[in-house]
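Asker: Quick one: sequence and predicted model below, then my questions.
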Amino acid sequence: MSIHKITRRASAALGAALFSLMFFATEALAQGEKISVENPYGLGALWAQGDLVARGTLVILVIMSMGTWYIAVVKLIEQGKIFKQAKEAQEKFWGAPSVEAGIKELNEDSAFRYIAEEGNKAAHHHGSSLTASVDLNSWIAMSLQRANDTIHGRLQGGLAFLATVGSTAPFVGLFGTVWGILHALTAIGVAGQASIDKVAGPVGEALIMTAIGLAVAVPAVLGYNWLVRRNKAASDYVRQFSGELHMVLLGGKKG
């Protein structure tokens, strides 16, 4: 048989094989058949194959993440209320004929109403047997400062948790990474050889823990810095209102 005939027959056989392969592939696609490959190194495998320490570390990171997002949303709502109340105080309180009339114009849950009530109360109760030795200026200033500290403390609530999560979450993830590497080294020692099937699972667990730790820490740090800046703006509104109210109370317009 000549080389030309052999080449021609091989080409024909190859063409027939390719045609059959294309036919069956087209038939499978037409019937909607899908091949699903389960990832043996994903989060599901990490939880199913991980020990108590690995699962505990993952639960801690999840709790940190949930707490971070909850506090961030709550603080945003709280700061938004302060900004709205500041606008309300600017429009309603300072247009009133007296401090007491201005207090009634503000909502009962307003931080600015609380400050105005404390300042007005201090101005009215000055001169009693216990406060007679304190001048009016210092007495009102002390009362307003105490009210400011209360509002500032409420604004700062929860930010310590964000700072803690931002600084510790990477190390919690690093602990999970070290634990996964330890499992990989243990698997190598037991098997006596560094085969990929022995170390892939523990190493994948280690990398996932590192990624989760960073994913928890980064939003906490960014949220903390952003909320601190917004807190400063809210505190400035409160401090300005207190200073202006202090001058009004010293001027004798107590209501």
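Answerer: Happy to help now that I have it. All figures in this text were calculated on a predicted structure; none of them were measured in a lab.
Asker: quick one: secondary structure of the closest residue to Tyr224 other than its chain neighbours?
Answerer: Nearest residue to Tyr224, sequence neighbours excluded (CB to CB, 6 or more residues apart in numbering): Leu162, at 4.0 Å. Every C-beta, even on glycine, is put in place using the N, C-alpha and C of the backbone. At Leu162 the chain is in helix, as set by DSSP: H, G, I helix; E, B strand; the rest coil.
Asker: what's the distance between Leu162 and Leu61?
Answerer: Between Leu162 and Leu61 the distance, using CB to CB, to the nearest Å, works out to 15 Å.
Asker: Now name the helix or strand holding the residue nearest to Ala234 when sequence neighbours are not counted.
Answerer: Nearest non-adjacent residue to Ala234, counting by CB to CB, 6+ apart: Ile82, 4.3 Å away. In the assignment (DSSP states H and E), Ile82 maps to helix 52-88.
Asker: Other residues contacting the helix or strand just after that helix?
Answerer: As assigned by DSSP H and E, the chain's next helix or strand after helix 52-88 is helix 99-105. Here helix 99-105 makes contact (CB atoms under 8 Å, 6 or more residues apart in numbering) with 92-96, 113, 116-117, 119-120, 245, 248-249, 253-255.
Asker: Of those residues, just the buried ones, PyMOL syntax please.
Answerer: Of the contacts of helix 99-105, the buried ones can be selected in PyMOL as follows, counting by 16 or more other CB atoms under 10 Å:
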select buried, resi 92+93+113+116+117+119+120+245+248+249+254
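Asker: between the contacts of helix 99-105, which is nearest Gly223?
Answerer: Lowest distance from Gly223 to the contacts of helix 99-105 (CB to CB) belongs to Arg113, with 29.0 Å.
Asker: Quick one: neighbours of the closest residue in space to the closest one that isn't next to it in sequence, just the number.
Answerer: In this structure, Arg113 finds its nearest non-sequential neighbour in Leu106, 3.8 Å apart by CB to CB, 6+ apart. Leu106 has 21 neighbours, counted by other CB atoms under 10 Å.
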